[in-house]
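Undergrad: Sharing a model that was predicted from the sequence below.
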Amino acid sequence: MLVREIWERMERRAPACVMLRGLLENVFAAERLDRLFERTARSQENKTLLFSTVAEIMGLVALKVRPSVHAAYQAQKAEIGITAKALYDKLQRTEPCVSQMVVRDSGARLRRFSASFPEAAAKCCQAIASKSWTATTCGAPSDV
């Protein structure tokens, strides 16, 4: 099958990238983030704009896929179906306990997985965990 051959080729040429993608998709899965939000948030709700959507947008900025929250919003505007104001309001009201729990839980998952990875993949995971910590705990980005 063509897809299997392409996948195997990617695994041979860039195994760390394939592992990292699978790891990130697992650790930052939308369903898991939304459940974490529901368990942790004290006053916010997950109605119109899901926490996982906000996390995805922030991830695009933290990992430098997009240069700003606004650029990430513009790129996904049609998919998320909310206004920029709604996004910024949700970001502004995100409770510190939610951010702390995401960092704690994701960091723990990244450390467990990286313990069994080759050295290069472990370094990538640790760098991502550090970026998550920095992006989540240093306050709102300058363009918010």
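TA: Sure thing, it's come through. For clarity, every value in this text was computed on a predicted model and none was experimentally measured. Numbering: from 1, shown residues only.

Undergrad: Now do the contacts for the residue nearest to the spatial centre of the chain.
TA: By C-alpha atoms, centre = their mean, the chain has its centre lying nearest to residue 59, at 4.3 Å. Counting by C-beta atoms under 8 Å, 6 or more residues apart in numbering, residue 59 touches 28, 65. Any C-beta I mention is one placed from the backbone N, CA and C, and that applies to glycine too.

Undergrad: what's the spacing between it and residue 44?
TA: 19 Å (C-beta to C-beta, to the nearest Å).

Undergrad: try residue 100
TA: Residue 100 is 14 Å from residue 44, by C-beta to C-beta.

Undergrad: Just the strands from the chain, written as ranges.
TA: Assigned by DSSP state E, the chain shows no strands.

Undergrad: Could you list the low-pLDDT ranges of it?
TA: Counting by pLDDT under 70, the chain shows low-confidence ranges at 1-3, 7, 16, 114, 116-144.

Undergrad: Go again with 80.
TA: Scanning the chain for pLDDT under 80 picks out 1-4, 6-23, 46-47, 111-144.

Undergrad: Now do the helices in it.
TA: Shown for the chain, the helices assigned by DSSP state H span residues 2-13, 15-27, 30-40, 51-62, 69-80, 84-93, 96-114, 119-137.

Undergrad: what is the orientation angle of the first one with helix 15-27?
TA: Going back to what we said before, that points to helix 2-13. Helix 2-13 runs at 110 degrees relative to helix 15-27, counting by axes from the mean of the first three to the mean of the last three C-alpha atoms, to 10 degrees.

Undergrad: how about helix 2-13 as CSV, C-alpha atoms only?
TA: Written as CSV, here are the backbone C-alpha positions of helix 2-13 (Å, rounded to 0.1, in the frame of the first residue of the first chain):
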residue,chain,number,x,y,z
LEU,A,2,1.3,3.4,-0.9
VAL,A,3,0.6,5.1,2.4
ARG,A,4,2.5,2.4,4.3
GLU,A,5,5.5,2.7,2.0
ILE,A,6,5.5,6.5,2.4
TRP,A,7,5.3,6.1,6.2
GLU,A,8,8.1,3.5,6.3
ARG,A,9,10.2,5.8,4.2
MET,A,10,9.6,8.7,6.6
GLU,A,11,10.5,6.4,9.6
ARG,A,12,13.8,5.5,7.9
ARG,A,13,14.8,9.0,6.9
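
Undergrad: All set now, cheers.
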